[in-house]
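Trainee: Got a predicted structure here, sequence first:
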Amino acid sequence: VRSRRRWWSVVRALDEFEEAASTPVGRLRQVVDAMAVEMHAGLASEGGSKLKMLLTFVDNLPDGSESGIYYALHVGGTNFRILRIQLGGQRSILGHDVERKPIPQHLMTRTSEEFFDFIALSLKEFVERKGNNLQPSQVRGNDLGFTFSFPVKQTSVSSGTLIKWTKGFAIDDMVEKDVVECLQKALSRRGLDMNVAALVNDSVGTLAVGHFYDKDTVAAVVIGTGTNACYLERADAIIKCQGLLTTSGGMVINMEWGNFWSSHLPRTSYDMDLDAESQNPNDQGFEKMISGMYLGDIVRRVICKMSLASDIFGPFSSKLSTRFVLSTPLMAAMHEDDSPDLSEVAKILEETLDIYVVPLKIRKLVVKICDVVTRRAARLAAAGIVGILKKIGRDGTGGITSGRIKGVRSGKLRRTVVAVEGGLYTSYTIFREYLNEAVAEILGEEIAPYVILKVMEDGAGIGAAMLAASNSARS
Ligand code: ADP
């Protein structure tokens, strides 16, 4: 009888969690509105919103006419990528080489010099390996695109200072330094004659590739270790920068949406604990509910609490108190386990969390926890995307004026493409399906067919190379 009671207390705890994390479409629409309003506030004045709405100085996106060979570096979260692409004009990529390297953990918290030396050396080895068969004339002035997926205050398209680290990085001497200068110095130390022609955020890179292939691409979202978004804004809507002159009349805005916050977000006690114990409390609230760095850890926290309150997982395993032991890919593997006896779930519980011999109904409960966490993440990301569309009047409601949402339909519906990148979206099928489904649900069946989400694999890096191309072509 006692163990039955415990089981029911766990079921109740799961119900409560599901309720607290629920995202009915009405709540998602409130998040959509909050996102659009915060975007407006962030554009109105510096510090006007938790959304930084950073200027990128990218005012012309690649249009497919670019040609030549370009390199790019992409410093994201867990991986570091080096790329070489050969553009052939007419929206074509003739050649494409990528090398991925994990960033050694110890370099993430040391000095900027050590960090950039590692990057420069890796690039040098890559160029020597891949570039031997090239005529020097094929490499246009050795222009390099640099994707740096952390908040940067840009001062031009090829310079900018680091505002703060996210995603577990903490190289303190880098903060407020010019990122390109650091890289450029490391390149010279290694004797590499390359010029950083474009410094971009991963979302901006993704938007650039999206636009290279499809000119209806107006926004980009990255959902990997962290999450961010950018979009094309009218220069005259960037109120905090009066008189901003751009050749196209528009500019890409890097939202840094990981820091978005609204009281409408369905926050649970697990989110609060995760935040309080993180390296950056009260920061990146949206990111902590959505991105790959955190989802597995939310699941771990729920299992941990259940295991403390009952014996359904057997004797308490100390692994359950270790932050980040359950990574998001492992959590996804449990969620997507389609074996009849959920053997993958059992295996991961055993190997990762030291939890042995769990009956099937408990394994099903674990899958359910993964589902609640992932569904909420995907649906909130979807609401964020529709929030951007609302801000620029592409959600069918006529956008916003002076920070107030207009609810009435106006204007002609236009085909609108959003480029999406990041391991969570590209590799976690259930997450992707939940997100796509929620975008359509929020927009409604009349408008949904006009909005297309397109995957841009490695978009962040390729886009930086394309922007290096389009900027060097113009300068
Ligand atoms: P980054 O964001 O680190 O630059 P990616 O865009 O490749 O790199 O995203 C990697 C992140 O995506 C991982 O940290 C992980 O959280 C998530 N991820 C990758 N593969 C999967 C997967 N199969 N299932 C769930 N999450 C995944």
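Mentor: Thanks, I have it.
Trainee: At which residues are the helices of this protein located?
Mentor: With DSSP state H as the criterion, the chain has helices at 2-20, 25-44, 112-131, 179-189, 202-213, 269-276, 285-290, 292-309, 328-335, 343-353, 360-391, 423-427, 429-443, 459-474.
Trainee: which residue packs closest to the closest residue to the ligand within the stretch 101-250 of the chain, ignoring adjacent ones?
Mentor: Closest approach between the stretch 101-250 of the chain and the ligand, counting by CB to the nearest ligand atom: Gly224, at 2.4 Å. From N, CA and C alone the C-beta is placed, and that goes for glycine too. Of all residues not flanking Gly224 in the chain, Gly422 sits nearest, at 3.3 Å (CB to CB, 6 or more residues apart in numbering).
Trainee: How confident was the prediction at the one you found?
Mentor: On the pLDDT scale, Gly422 is placed at 94.
Trainee: For it, give me phi and psi.
Mentor: Torsion angles at Gly422 (phi, psi; degrees, to the nearest 10) stand at phi 120, psi 140.
Trainee: what about stretch 420-428, how long is it end to end?
Mentor: For stretch 420-428, the first-to-last residue distance is 13 Å (CA to CA, to the nearest Å).
Trainee: And it, how far out from the chain middle?
Mentor: 9 Å (CA atoms, centre = their mean, to the nearest Å).
Trainee: follow-up on the earlier one: what's the burial count for the residue nearest to Gly224?
Mentor: As a burial measure, Gly422 scores 30 neighbours (other CB atoms under 10 Å).
Trainee: related to what we said a few turns ago, near the residue of the stretch 101-250 of the chain closest to the ligand, how many other residues are there?
Mentor: 25.
Trainee: what's the distance between it and Met466?
Mentor: 20 Å (CB to CB, to the nearest Å).
Trainee: again with Gly89
Mentor: 12 Å.
Trainee: Overlap in contacts, these two.
Mentor: Glu66 (CB atoms under 8 Å, 6 or more residues apart in numbering).
Trainee: What segments of the stretch 101-250 of the chain are strands?
Mentor: 139-148, 152-156, 159-162, 195-200, 217-223, 227-234, 250-254 (DSSP state E, counting those that start in this stretch).
Trainee: just to revisit the earlier point, quick one: closest of the helices of the chain to Gly77.
Mentor: Ranking the helices of the chain by proximity to Gly77 (CB to CB) places helix 292-309 first, at 6.8 Å.
Trainee: in the closest one, what's buried?
Mentor: For helix 292-309, the neighbour count (16 or more other CB atoms under 10 Å) marks 292-307 as buried.
Trainee: try stretch 50-68
Mentor: In stretch 50-68, counting by 16+ other CB under 10 Å, buried: 50-62, 64, 66-68.
Trainee: send the alpha carbons of it over as CSV?
Mentor: The C-alpha coordinates for stretch 50-68 follow below in CSV (Å, rounded to 0.1, in the frame of the first residue of the first chain):
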residue,chain,number,x,y,z
LYS,A,50,16.0,42.8,-21.9
LEU,A,51,16.2,42.3,-25.6
LYS,A,52,19.4,44.1,-26.7
MET,A,53,18.3,44.4,-30.3
LEU,A,54,21.9,44.9,-31.5
LEU,A,55,22.8,46.6,-34.7
THR,A,56,24.9,44.4,-37.0
PHE,A,57,25.8,46.8,-39.7
VAL,A,58,24.8,44.2,-42.2
ASP,A,59,22.6,46.2,-44.5
ASN,A,60,22.9,44.1,-47.6
LEU,A,61,22.4,40.4,-47.5
PRO,A,62,24.1,38.0,-50.1
ASP,A,63,21.9,37.7,-53.2
GLY,A,64,23.6,34.7,-54.8
SER,A,65,25.8,36.6,-57.2
GLU,A,66,28.9,36.3,-55.0
SER,A,67,31.9,34.3,-56.4
GLY,A,68,35.4,33.1,-55.3
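Trainee: and that stretch, how far from the chain's centre?
Mentor: For stretch 50-68 - counting by CA atoms, centre = their mean - the centre lies 17 Å from the chain centre.
Trainee: for the ligand, what are the nearby residues on the stretch 1-150 of the chain?
Mentor: Counting by CB under 6 Å from any ligand atom, the stretch 1-150 of the chain comes close to the ligand at 76-79.
Trainee: Could I get those in a markdown table, plus columns for pLDDT?
Mentor: Below are those laid out as a markdown table (pLDDT from 0 to 100):
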| residue | pLDDT |
| --- | --- |
| Gly76 | 82 |
| Gly77 | 75 |
| Thr78 | 77 |
| Asn79 | 81 |
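Trainee: and these, which of them are in strands?
Mentor: Asn79 (DSSP state E).
Trainee: ok, for Ile362, nearest residue in space, not its chain neighbours?
Mentor: Ile312 (5.5 Å).
Trainee: swap that for Glu99, sorry
Mentor: Nearest one to Glu99, counting by CB to CB, 6+ apart, is Ile82 at 4.8 Å.
Trainee: ok, that neighbour - contacts?
Mentor: Contacts of Ile82 (CB under 8 Å, 6+ apart): 71-74, 98-99, 101, 122-123, 126.
Trainee: 10 Å - rerun?
Mentor: Ile82 sits next to 71-74, 97-101, 119, 122-127, 129-130, 461 when contact means CB atoms under 10 Å, 6 or more residues apart in numbering.
Trainee: before we move on, back to that, wait, the residue nearest to Gly224 sits on Gly258?
Mentor: No - look at Gly422 against Gly258 with CB atoms under 10 Å: they stay out of range, at 11.8 Å.
Trainee: Show the model's pLDDT score for Leu245.
Mentor: At Leu245, pLDDT is 80.
Trainee: Distance of Arg300 relative to Ser22?
Mentor: 21 Å.
Trainee: from the stretch 351-475 of the chain, which residue is nearest to the ligand?
Mentor: Closest to the ligand within the stretch 351-475 of the chain is Gly423: 2.6 Å, counting by CB to the nearest ligand atom.
Trainee: how many other residues sit next to that residue?
Mentor: Gly423: 21 neighbours (other CB under 10 Å).
Trainee: please renumber so the chain begins at 56
Mentor: Sounds good: first residue 56 from here, last item Gly478.
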